[in-house]
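Peer 1: Model the following, please.
(one chain, ligands or ions: 2)
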Amino acid sequence: MATLLEADNITFSYDKKGPKVMDGMSMKIEEGKKTAIMGCNGAGKSTLFSLLNALRKPDSGKVLFRDKPLTYRHKDIIKMRSEVSILFQNPNDMMFKPYVEQDVAFGPENMKLPKEEIEERVQESLFAVGMEEYRKTPIMKLSYGQRKRVTLAGVLAMRPSVIIMDEPTAGLDPQMAYEVMEIAEQMHSSGVTVIMASHDTDLTYSWADELRVLYGGKCMYAGEPEPFYSDFESVQKAGLLLPTVFMMNRTLADLGKGSLEPYPRAQSQMALKTAQHKDVDLGVLHVIKAERDTDIKAIIDDYQLGGMPTGVYGMSARMALRATSTDVDFLYNGPENCTMKCLNGQDSVLICDPLMFDKAVTSAMFINEHGFGKINIDVV
Ligand SMILES: Nc1ncnc2c1ncn2[C@@H]1O[C@H](COP(=O)(O)OP(=O)(O)OP(=O)(O)O)[C@@H](O)[C@H]1O
Ligand SMILES: [Mg+2]
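Peer 2: Numbering: from 1, shown residues only. Ligands and ions are numbered 1, 2, ... in the order given. From the prediction side, this is the model:
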């Protein structure tokens, strides 16, 4: 995998006499990987992002984008930022215009895109974050979480190839937090490299391929999440907590109830690994691959899938759903909720963006591949 962004031995302080916020920071972010950046309050996550995006310049050391050191020339910075977009921690730091639709259109307008394209991007981005009805609303009248959604729409409308999300779920209601994770997965499925800082260890553990942990101005850990969480002293030192699923899995292994590996990343995986339901047929997971114009209602009728617990996952599936009068039980966290139903022996239906299929069946595949039970996956 190619290195996309790199911090090479960076030092940085906000004022000359102040403490070093970055003190020999080195890390690489790989293209196409989902990378979680963790560390306690004040560890320097937001500062690192502003350095990676050339909003600030290191006192010493280098930032490299696609193996080339940043030049900090205006032209180069504009070009780099058209590819690398940051969703700031505080939405009030990135609202540029008085009305929602103007704010979302701001980035694409700066890119000098044709009017129709801007309109299409604004509509689609507001739909993705569930804020279509607020198009004409003044930003001043939005709640904190709503503002956060609008700023996310603004970033999506830029269609970047790298997205850096600084605490994207903080301050959002729990369902919206899952929707933001779904958006992050959607972007990843379409080839975007996603980097996310978050204190929510449960959400990032179920999501990340790679972990970077900041401490004392340095990157104290770079690698897959499991080795880091296995080293409890380092977790404590970094001011973090263990993800619930990781902790339960380890506790059960310590009690002699099963092995540490394979590591479950989701509650459904944990539940079936523990239950040791060897070779039991569980419910069927019917996955309807839905493009934007798929007639979902017709498929549900034709295949007699009505009346089962139903979830939705991914952009095209949500768009197809909007055009029908189909009721959905799980508007958020669809794959996990549907898989949980299968564990109870119930058949379930997941209306899914074809791009997101592999992610949608991750838990079911984990259960099947390790012989913890058998969820038949029926692709419609
Ligand atoms: N604009 C600023 N001016 C001066 N000092 C700052 C500024 N922003 C951050 N700092 C300091 O830099 C250090 C790192 O802050 P930063 O915001 O990068 O941490 P963080 O890891 O993002 O924390 P959090 O989890 O709270 O978001 C802190 O000690 C903070 O006080
Ligand atoms: Mg921060």
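Peer 1: Around ligand 2, pick out the residues from the protein.
Peer 2: 45-46, 89 (C-beta under 5 Å from the ion). The C-beta positions use only the backbone N, C-alpha and C, and glycine is treated the same way.
Peer 1: 6 Å - rerun?
Peer 2: 45-46, 89, 166 (C-beta under 6 Å from the ion).
Peer 1: Quick check: closest non-adjacent residue to the closest residue to ligand 2 within the stretch 101-250 of the chain.
Peer 2: Residue of the stretch 101-250 of the chain nearest ligand 2, by C-beta to the ion: residue 166 (5.8 Å). Closest residue in space to residue 166, ignoring its immediate chain neighbours: residue 89 at 4.1 Å, by C-beta to C-beta, 6 or more residues apart in numbering.
Peer 1: same deal with residue 161?
Peer 2: residue 83 (4.9 Å).
Peer 1: Next, give phi and psi for the one you found.
Peer 2: Main-chain torsions, residue 83, degrees, to the nearest 10: phi -100, psi -40.
Peer 1: so what's residue 166 bridging to?
Peer 2: Residue 166 has these beta-bridge partners by DSSP bridges: residue 197.
Peer 1: Do I have it right that it meets residue 86?
Peer 2: Yes: with contact defined as C-beta atoms under 8 Å, residue 166 counts as touching residue 86 (6.7 Å).
Peer 1: now the strands: where do they sit in the stretch 151-300 of the chain?
Peer 2: With strands called from DSSP state E, counting those that start in this stretch, the stretch 151-300 of the chain shows them at 162-166, 193-197, 210-215, 218-223, 285-289.
Peer 1: picking that back up, around the residue nearest to residue 161, count how many other residues there are.
Peer 2: Residue neighbour count, defined by other C-beta atoms under 10 Å, stands at 16 for residue 83.
Peer 1: before we move on, what about the one 4 residues further on?
Peer 2: By the criterion of other C-beta under 10 Å, residue 87 has 24 neighbours.
Peer 1: need the contact list for it.
Peer 2: Contacts for residue 87 (C-beta atoms under 8 Å, 6 or more residues apart in numbering) come out as 94, 151-152, 155, 163-166, 168.
Peer 1: list the contacts for the residue of the chain found nearest ligand 2?
Peer 2: Distance from ligand 2 to each residue of the chain (C-beta to the ion) is smallest for residue 46, at 3.2 Å. By C-beta under 8 Å, 6+ apart, the contact list for residue 46 reads 88-89, 166, 197.
Peer 1: ok, 10 Å please
Peer 2: Residue 46 is in contact with 21, 37, 86, 88-90, 93, 166-167, 197, counting by C-beta atoms under 10 Å, 6 or more residues apart in numbering.
Peer 1: Any figure for the gap between it and residue 89?
Peer 2: According to C-beta to C-beta, to the nearest Å, residue 46 stands 6 Å off from residue 89.
Peer 1: list residues touching both of these two?
Peer 2: 166-167, 197.
Peer 1: By neighbours, which of the residues you listed wins?
Peer 2: Counting by other C-beta under 10 Å, top hit in those: residue 197 with 25 neighbours.
Peer 1: hang on, the earlier thing: list the contacts for the residue nearest to residue 161?
Peer 2: Contacts of residue 83 (C-beta under 10 Å, 6+ apart): 4, 65-66, 158-163, 193.
Peer 1: Then residue 120?
Peer 2: Counting by C-beta under 10 Å, 6+ apart, residue 120 has contacts 108, 113-114, 157.
Peer 1: Where does pLDDT dip in the stretch 51-200 of the chain?
Peer 2: Scanning the stretch 51-200 of the chain for pLDDT under 70 picks out no residues.
Peer 1: Which ones among the contacts of residue 120 lie within helices?
Peer 2: Here DSSP state H is the test, and the contacts of residue 120 give residue 108 as lying in helices.
Peer 1: filter the contacts of residue 120 to the buried ones?
Peer 2: 108, 113, 157 (16 or more other C-beta atoms under 10 Å).
Peer 1: How far off centre is stretch 68-78?
Peer 2: 28 Å (C-alpha atoms, centre = their mean, to the nearest Å).
Peer 1: if we look at it, which residues are touching it?
Peer 2: 5-6, 8, 51-55, 57-58, 61-65, 79-80, 110-111.
Peer 1: which of the residues you listed count as buried?
Peer 2: Buried among the contacts of stretch 68-78 (16+ other C-beta under 10 Å): 5-6, 51-54, 58, 61, 63-65, 80.
Peer 1: what subset of the contacts of residue 46 is also close to ligand 1?
Peer 2: Residues of the contacts of residue 46 in contact with ligand 1 (C-beta under 6 Å from any ligand atom): 21, 89.
Peer 1: Now, of the contacts of residue 46, which are buried?
Peer 2: For these, buried by 16+ other C-beta under 10 Å: 21, 37, 86, 88-90, 166-167, 197.
Peer 1: coming back round to it: most neighbours among the contacts of residue 87, please name it.
Peer 2: Among the contacts of residue 87, the one with the most neighbours (other C-beta under 10 Å) is residue 168, at 29 neighbours.
Peer 1: do you know how far the closest residue in space to that one that isn't next to it in sequence is from ligand 1?
Peer 2: Nearest residue to residue 168, sequence neighbours excluded (C-beta to C-beta, 6+ apart): residue 180, at 5.0 Å. In this structure, residue 180 and ligand 1 are 17 Å apart, going by C-beta to the nearest ligand atom, to the nearest Å.
Peer 1: Residue 174 versus residue 180, what's the distance?
Peer 2: For residue 180, the distance to residue 174 - C-beta to C-beta - is 11 Å.
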